[in-house]
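In: Here's a sequence, model it:
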Amino acid sequence: MGAAEGPVRTPRSVAFAMVLASVGFAVALLEFAVFPVFLNRVPLRLQMFLPDGIQVLAQSSKSGSIPEDYVLLVGDSYAQGRGDWLLDSDPDRNPPFHSAHVVHERTGRDVVSFARGGAGAIRGWVTEPEARFRYLESTYRFRLERPARVVAYFYEGNDLQDTLLELLFSFGVGDAERNAAPGEPPLQNLLQSESPGPYYLRQTLEDDRLYDGEHYRTHLFPEAADRHPLNRERQRLGVTDEFFLLRSLFAMADDSVRRVLGKKTTVVDLWPNAPPRRLVKEGNAIEVSGSAVAVERELQGPAMELNQNETRAALFATEQALIRLRSRFGASLLLVYLPSPASSYSFARAPVVLQPTAGRPHRYSVREIAVRSAELRERMAAMAAKHQIEFLDVTPAIRASAREQILHGPRDWRHFNRLGYEVLGEQVSRAMAR
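Out: Here you go, the predicted model:
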């Protein structure tokens, strides 16, 4: 009899290939089948590791990862949902924390925010939403349909100042200074007398192109769009870049290694804590439910520090951005006016102390603040009427609620807390139902 045959051994090369195939299949299954389904359930603390271009799809104010028949929300940090509701949220979950969630709950509509904290009208209404939409359009798996409705937030507390700053960087500041600047400094820093800011501001306000709508359409907006990082990334987007889950995992691993080695992380926290604001002894005192409540903070007001020329320039740019926003997305547009904290409450004492801007007054009477707020509200309402855009001023609803409850803070007095965002979301939901 012949010797008994032993077990057949699989060649190592074949075994290795089978392992690779199994790993590849598992990766592909997670990447293309599981990841898209669970994208809108990624916890808040992990969203910063997602590639920038798809971070908006992790928002939980929609039924699934890819929104359908959705409302697009644009603007600054109010449209992002910054504030105490977010600060109090569980970072290990993806819970509701701002007006987009309220609108989603009240109406059943998917809501997606393409907002940018610190943005004025040019970035908040034009370059940011356009860059994010075009990036998603260029992907294979996450292409979006056009929004059914667009809701644009205008915040009287700093939107005009931020828009003026964007104009300054578009008209007055040369390429060398712009590229050397670490981001765009806030207006109050740029206008310090020892900085070149005041010179650039005068240069901007004297530029003949400042009130030329054609210049905005053909030069300013396209050039601002070209500077957006997502537009540059979109142009070199390749097949391997579509592995968004793998890119996220690599970003997490890289961040962990950097932290262990004590090196600076390259990941930008999407939801940072509110920056500390210095306490002021004189502070402010608001009236809530018939009692005086001390607020040891300088408040934001209705662009009190801007003169008439600066206000006119910022409003013209805002109007051009509004026109661009409607033309680019071709959807029904709702313009929402948000009051500043100083315009939201009754005060138990005067003057009202506002956040200072270099060398400009920051203490005003209650009447001065009310007059300025009324002026801006009227001018924004007239702008919307001129272009047949629906306009919602939530100031009356906010002031009515603020008589009985505090709608900002207590940590972040620049933004609404949960009560404030619920009032805002309810007003927007009602306006959308009309």
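In: Please pull out the lowest mean pLDDT helix or strand from the protein.
Out: Every helix and strand of the chain was ranked by mean pLDDT, DSSP states H and E. The lowest is helix 175-180, at a mean of 41.
In: so where's the stretch 151-300 of the chain shaky on pLDDT?
Out: Applying pLDDT under 70 to the stretch 151-300 of the chain flags residues 172-197, 199, 266-282.
In: then stretch 249-260 to CSV, C-alphas only?
Out: The C-alpha trace of stretch 249-260 is given here as CSV (Å, rounded to 0.1, in the frame of the first residue of the first chain):
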residue,chain,number,x,y,z
LEU,A,249,-9.5,56.6,10.2
PHE,A,250,-6.1,57.8,9.0
ALA,A,251,-6.9,61.3,10.4
MET,A,252,-7.8,59.8,13.8
ALA,A,253,-4.6,57.7,13.8
ASP,A,254,-2.4,60.7,12.8
ASP,A,255,-4.0,62.8,15.5
SER,A,256,-3.4,60.2,18.2
VAL,A,257,0.2,59.8,17.2
ARG,A,258,0.7,63.6,17.2
ARG,A,259,-0.8,63.9,20.7
VAL,A,260,1.4,61.1,22.0
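In: What sits closest to the most centrally placed residue in the chain if chain neighbours are left out?
Out: Computing the C-alpha centroid of the chain and ranking residues by CA atoms, centre = their mean puts Arg116 first, at 2.5 Å. Of all residues not flanking Arg116 in the chain, Glu128 sits nearest, at 4.3 Å (CB to CB, 6 or more residues apart in numbering). C-beta here means a position set from N, CA and C on the backbone, and glycine is covered the same way.
In: can you check Ile323 too?
Out: Spatial nearest neighbour of Ile323, chain neighbours left out: His387 (6.5 Å); criterion: CB to CB, 6+ apart.
In: how close does the one you found sit to Val336?
Out: 15 Å (CB to CB, to the nearest Å).
In: Which one's more surrounded, these two?
Out: Val336 (24 against 12; other CB atoms under 10 Å).
In: Now name the helix or strand holding the more buried one.
Out: For Val336, the host element (DSSP states H and E) is strand 332-338.
In: Flag every buried residue along that strand.
Out: Across strand 332-338, burial judged by 16 or more other CB atoms under 10 Å covers 333-338.
In: quick one, helices of the stretch 151-300 of the chain?
Out: 159-167, 175-180, 187-190, 197-205, 213-215, 221-226, 229-235, 244-261 (DSSP state H, counting those that start in this stretch).
In: and the ones you listed, which is most packed in?
Out: Per-stretch averages of neighbours, counted by mean count of other CB atoms under 10 Å, single out helix 159-167 among those, with a mean of 25.
In: Let me see the residues that make contact with it.
Out: Defining contact as CB atoms under 8 Å, 6 or more residues apart in numbering, one finds that helix 159-167 is touched by 75-76, 118-124, 184, 186-187, 190, 201, 204, 210, 224, 303, 305-306, 310-311, 313-315, 317-318, 321, 357, 376.
In: Drop anything exposed from these.
Out: Buried among these by 16+ other CB under 10 Å: 75-76, 118-124, 184, 187, 190, 201, 204, 210, 224, 303, 305-306, 310-311, 313-315, 317-318, 321, 357, 376.
In: So which of the residues you listed sit within helices?
Out: Mapping the buried ones among the contacts of helix 159-167 onto helices (DSSP state H) picks out 121-122, 187, 190, 201, 204, 224, 310-311, 313-315, 317-318, 321, 376.
In: Let me know the closest of those residues to Val239.
Out: Ala224 (29.4 Å; CB to CB).
In: I figured the closest one hits Gly124, correct?
Out: No - judged on CB atoms under 8 Å, Ala224 makes no contact with Gly124 at a distance of 11.5 Å.
In: tell me, what's touching the two both at once?
Out: Shared contacts of Ala224 and Gly124 (CB under 8 Å, 6+ apart): none.
In: ok, the residue lying closest to Val428 once chain neighbours are set aside - contacts?
Out: Leaving out its chain neighbours, the residue that sits closest to Val428 by CB to CB, 6+ apart is Val103, at 5.4 Å. Listed by CB under 8 Å, 6+ apart, the contact partners of Val103 are 61, 71, 109, 111, 425, 428-429, 432.
In: JSON lines for those, including neighbour count, secondary structure and distance to Thr395?
Out: Formatted as JSON lines, the contacts of Val103 follow (neighbours: other CB atoms under 10 Å; DSSP: H, G, I helix; E, B strand; the rest coil; distance: CB to CB, whole Å):
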{"residue": "Ser61", "neighbour count": "27", "secondary structure": "coil", "distance to Thr395": "24"}
{"residue": "Val71", "neighbour count": "27", "secondary structure": "strand", "distance to Thr395": "22"}
{"residue": "Arg109", "neighbour count": "20", "secondary structure": "coil", "distance to Thr395": "24"}
{"residue": "Val111", "neighbour count": "27", "secondary structure": "strand", "distance to Thr395": "22"}
{"residue": "Gly425", "neighbour count": "24", "secondary structure": "helix", "distance to Thr395": "16"}
{"residue": "Val428", "neighbour count": "25", "secondary structure": "helix", "distance to Thr395": "14"}
{"residue": "Ser429", "neighbour count": "18", "secondary structure": "helix", "distance to Thr395": "17"}
{"residue": "Met432", "neighbour count": "18", "secondary structure": "helix", "distance to Thr395": "18"}
